[in-house]
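S.K.: okay, structure incoming, though there's no sequence with it:
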């Protein structure tokens, strides 16, 4: 860990929703400070007291860790530049999530690897909630791999980024609710399947369907899990409490199911469980909620950064 009072942090892609969230959270961090922040079309503007510079002009040498919130397909080039400059890096895009170059940064699951990593690939927002919900069951061999796990996930519009898109305009989204990427073709599916296999040995099928919620932020996932044996409410909740005992950013909601109000502006995943009645084979329904911009992106990146630096894991974060 750096012994200075404040660790210098560089932020690439600070003008998007996730980049803005990084600046907001880092502004309240007791052990880190932003030394540069980049943007392209917004270069020269000031964001939270930082004058934005182009990514090509970023003074990488000034930072100890670089956080990249650049778009998918763009981030990789600049992450490689940061690594070539000797900087440890957390990438929030999808560019390294399936790459052996990076440690997958699902903090509660890969913490020891994150601590030693030079490059961390921050998970996607949908996978963060789904994986933290599914892994305790998968690791106990409780998911029946002969039947599909069904994940119905709904996200606020900030999950689609800040670039103008007609289908995300207020008049298109308000008072509506719709599915997209239907047919199990969403780009997060390989990330979900690969991580479940790597971290638990589960190799069954997932059916993942995302939906667009007419809200700014937050993700709520309803996950239907086929079980190898019945679990009652008490047993299921005890399993989750044991799995996440001492985890500051995971909340198990006994006797209740989480909603977006439980997680917005917080770096937490809230998980509730409900056994399924009136079916011939045992099932468990999981409800998982996160803030897509915090635990699903910027907050988890800072959580990983804290682990990499040996700082208190929740420094600068509200869980």
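M.R.: Looks like it arrived, so ask away. In this text, all values refer to a predicted model and were calculated from it rather than measured experimentally.
S.K.: now do the helices in the stretch 51-200 of the chain.
M.R.: All helices of the stretch 51-200 of the chain, identified by DSSP state H, counting those that start in this stretch, fall at 75-84, 107-116, 125-139, 170-173, 189-200.
S.K.: now tabulate those in JSON lines and tack on mean pLDDT, mean neighbour count and distance to residue 318.
M.R.: Every residue, glycine included, has its C-beta placed from N, CA and C. Formatted as JSON lines, the entries for the helices of the stretch 51-200 of the chain read as follows, by pLDDT from 0 to 100; neighbours: other C-beta atoms under 10 Å; distance: least, C-beta to C-beta, whole Å:
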{"stretch": "helix 75-84", "mean pLDDT": "98", "mean neighbour count": "18", "distance to residue 318": "26"}
{"stretch": "helix 107-116", "mean pLDDT": "98", "mean neighbour count": "17", "distance to residue 318": "15"}
{"stretch": "helix 125-139", "mean pLDDT": "98", "mean neighbour count": "25", "distance to residue 318": "17"}
{"stretch": "helix 170-173", "mean pLDDT": "60", "mean neighbour count": "12", "distance to residue 318": "27"}
{"stretch": "helix 189-200", "mean pLDDT": "97", "mean neighbour count": "18", "distance to residue 318": "26"}
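S.K.: of all those helices, which one is nearest residue 296?
M.R.: helix 125-139 (3.0 Å; C-beta to C-beta).
S.K.: gap between that closest one and the chain center?
M.R.: Between the centre of helix 125-139 and the centre of its chain there are 11 Å (C-alpha atoms, centre = their mean, to the nearest Å).
S.K.: angle of it against helix 107-116?
M.R.: Relative orientation of helix 125-139 with respect to helix 107-116: 100 degrees, computed using axes from the mean of the first three to the mean of the last three C-alpha atoms, to 10 degrees.
S.K.: how far off helix 189-200 does helix 125-139 point, in degrees?
M.R.: Put simply, helix 125-139 runs at 30 degrees to helix 189-200, going by the same axes, to 10 degrees.
S.K.: from residue 152, how far off is residue 182?
M.R.: Here residue 182 is placed at a distance of 11 Å from residue 152 (C-beta to C-beta, to the nearest Å).
S.K.: the two: which is more packed in?
M.R.: Counted by other C-beta atoms under 10 Å, residue 182 and residue 152 do not tie: residue 152 has more neighbours, with 15 against 11.
S.K.: let me see the contact set for the closest residue to the more buried one other than its chain neighbours.
M.R.: The shortest distance from residue 152 to any residue that is not its chain neighbour, by C-beta to C-beta, 6 or more residues apart in numbering, is 4.7 Å, and that residue is residue 222. Contact partners of residue 222, counting by C-beta atoms under 8 Å, 6 or more residues apart in numbering, are 151-153, 285-287.
S.K.: and for residue 89?
M.R.: 65-68, 79, 82-83, 118-120.
S.K.: and what of residue 132?
M.R.: Shown here is residue 132, whose contacts under the criterion C-beta under 8 Å, 6+ apart are 106, 108-109, 250, 269, 271, 288.
S.K.: between those, which sits nearest residue 87?
M.R.: residue 106 (22.1 Å).
S.K.: phi and psi next, for that closest one.
M.R.: With angles defined as degrees, to the nearest 10, residue 106 shows backbone torsions of phi -80, psi 90.
S.K.: find the nearest non-adjacent residue to it, please.
M.R.: With C-beta to C-beta, 6+ apart, the residue lying closest to residue 106 is residue 123, at 5.1 Å.
S.K.: and for stretch 34-51, what are the contacting residues?
M.R.: Applying C-beta under 8 Å, 6+ apart, the set of residues contacting stretch 34-51 from outside is 8-15, 19-20, 23-24, 26-27, 52-55, 57-59, 62-63.
S.K.: and if we set it to 6 Å?
M.R.: Identification of contacts with stretch 34-51 by C-beta atoms under 6 Å, 6 or more residues apart in numbering yields 8-12, 14-15, 23, 26-27, 52-55, 58-59, 62-63.
S.K.: could you do stretch 65-74 as well?
M.R.: Contacts for stretch 65-74 (C-beta under 6 Å, 6+ apart): 9-13, 16, 18-19, 22, 75, 78-79, 82, 87-94, 301, 305.
S.K.: try stretch 267-280
M.R.: Identification of contacts with stretch 267-280 by C-beta under 6 Å, 6+ apart yields 129, 132-133, 232-233, 236-237, 249-253, 257-258, 262-263, 283-290, 294-295, 299, 317, 319.
S.K.: in that stretch, which residues are buried?
M.R.: By neighbour count, and taking 16 or more other C-beta atoms under 10 Å as the criterion, the buried residues in stretch 267-280 are 267-273, 275.
S.K.: so the residue nearest to residue 152 lies in a strand, does it not?
M.R.: Yes: residue assignment for residue 222, taken from DSSP: H, G, I helix; E, B strand; the rest coil, places it within a strand.
S.K.: surely residue 29 meets residue 317?
M.R.: No: applying C-beta atoms under 6 Å as the test, residue 29 and residue 317 come out as separate, 8.4 Å apart.
S.K.: these two: who's more crowded?
M.R.: The residue with the greater number of neighbours, taking residue 29 and residue 317 and applying other C-beta under 10 Å, is residue 317; the counts read 23 against 19.
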